[in-house]
Structure formats: structure tokens, C-alpha cells
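*Asks:* coords below, sequence missing:
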């Protein structure tokens, strides 16, 4: 992950510029080009404002990674601001894990209980998150809204569980294969599988005790004994994985 900075001049139309600026950064978030909850606005002085963001890769702001919504938002911002938007890479961000740099992944894992600022799609080879903009979008949408909103709901339930608020309800939603949360997650994993042609496994949350030896969906044995996959349990038929809580 890398930290980028952008310095902008305050002008007479600053309020209009800042509105377009927020539209632009929101579009970047929904395209996976910058991480959620890592935007920092700072007044340098009465004439300048600094934005600091975190992006998955050093090349995240390349134009090839933009969707039409990002491009349109950037063009609208540049038109009203009067100058091109130029991001400065200030170096690696050591507070957030690395992104996947594998040329090709053997398989992916969709894992909800990540920090909700990073992609929930993990590379099976290196274990790092895969930038969303490198993956095909579901349906005909321009953004990864379904993945990001599912991830947000997952993290909200994880917080409820860990804080002891509605603990039983939250754990059932996270742990039961047929909960609405996990049904939606498995749908997303299946869609990514079909779009990429790469196996996408859905990670089942486990906290209390050990998993049963039978897959919670098909009932077949799913304990991982060969070590080829870095998980305790895997069902290739249902594209499901899990690990015992330690």
C-alpha cells in the first residue's frame, strides 16, 4: 500500500471545487483505487489544502485503472479547478498490509472479516489483498458497490459480535452458511469465479471451538490434509474454506 498526496490551491470558487473534489475521491473509493477511511484533509495555510490518501499500488492512479465514473469526476474537477490533478507518491504505507503483486493467482478467497478499508478478495498464493480495480465487475455496473457494501455489513456485524452487542445474532449471521450475509457473500464469490475463470472460495467465520469435519453446505468431508491450501478446511464442491479459531 502507498500513501499519495495532492496539494490544491484555495481560490474564489473553492466551495465548488471542493464539492467536485469529494465527488472525485468518492468515485475513487468505489473503484477501489483508494482505501476507505484513509482520506485526510489538512489546511496547510490560508491558501492551500492537502489531501492524503492510501492506494493499493504505486500505479493505482494510472488512467487505465479508472472507470468512466472516475474519469468523468476527474474531468469535472479539473475543468472547474483549471489545472490537471497530479498525485504525488510519498512512499509505502507501513500501517496497512501489502497488495497482491502476483502475475496470476491460482485461486482467490473472499474473506469478510478484514479491515473494511482493504479489498476483501485475497490472493491464494501470497495471501495479500487484490486491488478491486484489477478484477471484473459484477453485472454491468461501473463500480464494486455490491462487494463494498457486503464488506461494510460484514464488518459492522463483526464489530457487534466483538463488542458483545447482539452477540448471538451477530455470530449466527457470521457463522451460519445460510444466513443472508453469507448467502450474499457466496453469491459474490460465485460471480467473481465466473467472471475471472479463477476459483474463488468463500471464507466462513469461526470463533467458538473447532469446525465440524463436514462441510456445512453439502455435508461432505472438508478437512484440509494435504497443505496445498493455507486453510484448515476446504470444500472444492461448494467453494468454501474456513480455519479453526486459535
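*Replies:* Sure thing, it's come through. The structure displayed is predicted, hence computed values, not measured ones. Numbering: from 1, shown residues only.

*Asks:* contacts for the helix or strand of the chain with the lowest mean pLDDT?
*Replies:* When the helices and strands of the chain are scored by mean pLDDT, DSSP states H and E, strand 40-45 comes last with a mean of 75. The contact list for strand 40-45 (Cβ atoms under 8 Å, 6 or more residues apart in numbering) reads 7, 49, 50, 51, 52, 53. To be clear about C-beta, it is placed using only N, CA and C from the backbone, and glycine gets the same treatment.

*Asks:* distance check, the second one against residue 36.
*Replies:* When distance is defined by Cβ to Cβ, to the nearest Å, residue 49 is 20 Å away from residue 36.

*Asks:* can you give me the strands in the protein?
*Replies:* Along the chain, counting by DSSP state E, strands occupy 2-9, 40-45, 48-55, 88-92, 108-110, 121-123, 200-204, 233-235, 240-242.

*Asks:* what residues sit buried inside stretch 215-233?
*Replies:* Within stretch 215-233, the residues that qualify as buried are 215, 216, 217, 222, 224, 229, 231, 232, 233, counting by 16 or more other Cβ atoms under 10 Å.

*Asks:* can you get me a residue count around residue 105?
*Replies:* Residues lying near residue 105 (other Cβ atoms under 10 Å) number 20.

*Asks:* separation between the closest residue in space to it that isn't next to it in sequence and residue 221?
*Replies:* Nearest non-adjacent residue to residue 105, counting by Cβ to Cβ, 6 or more residues apart in numbering: residue 123, 4.5 Å away. Between residue 123 and residue 221 the distance is 26 Å, computed by Cβ to Cβ.

*Asks:* how's this protein carved up into domains?
*Replies:* Domain assignment of the chain by automatic domain parsing yields the ranges 2-92, 108-242.

*Asks:* neighbouring contacts of stretch 163-175?
*Replies:* 112-113, 154, 157-158, 160-161, 179-182, 204-208.

*Asks:* redo that, cut-off 6 Å
*Replies:* Stretch 163-175 is contacted from outside by 157, 160, 161, 179, 181, 205, using Cβ atoms under 6 Å, 6 or more residues apart in numbering.

*Asks:* and the residue nearest to residue 70 when sequence neighbours are not counted, what pLDDT?
*Replies:* In this structure, residue 70 finds its nearest non-sequential neighbour in residue 27, 4.6 Å apart by Cβ to Cβ, 6+ apart. For residue 27, the model assigns a pLDDT of 90.

*Asks:* and the spatially most central residue of the chain, what does it touch?
*Replies:* Geometric centre of the chain, nearest residue: residue 119, 2.1 Å, by Cα atoms, centre = their mean. Going by Cβ under 6 Å, 6+ apart, residue 119 touches 129, 130, 132.

*Asks:* from the residues you listed, which is closest to residue 81?
*Replies:* Proximity of the contacts of residue 119 to residue 81 (Cβ to Cβ) peaks at residue 132, which lies at 26.7 Å.

*Asks:* which residues touch the closest residue to the closest one other than its chain neighbours?
*Replies:* Distances taken as Cβ to Cβ, 6+ apart put residue 32 closest to residue 132, at 2.9 Å, once the chain neighbours are dropped. Shown in contact with residue 32 (Cβ under 6 Å, 6+ apart): 131, 132, 133, 144.
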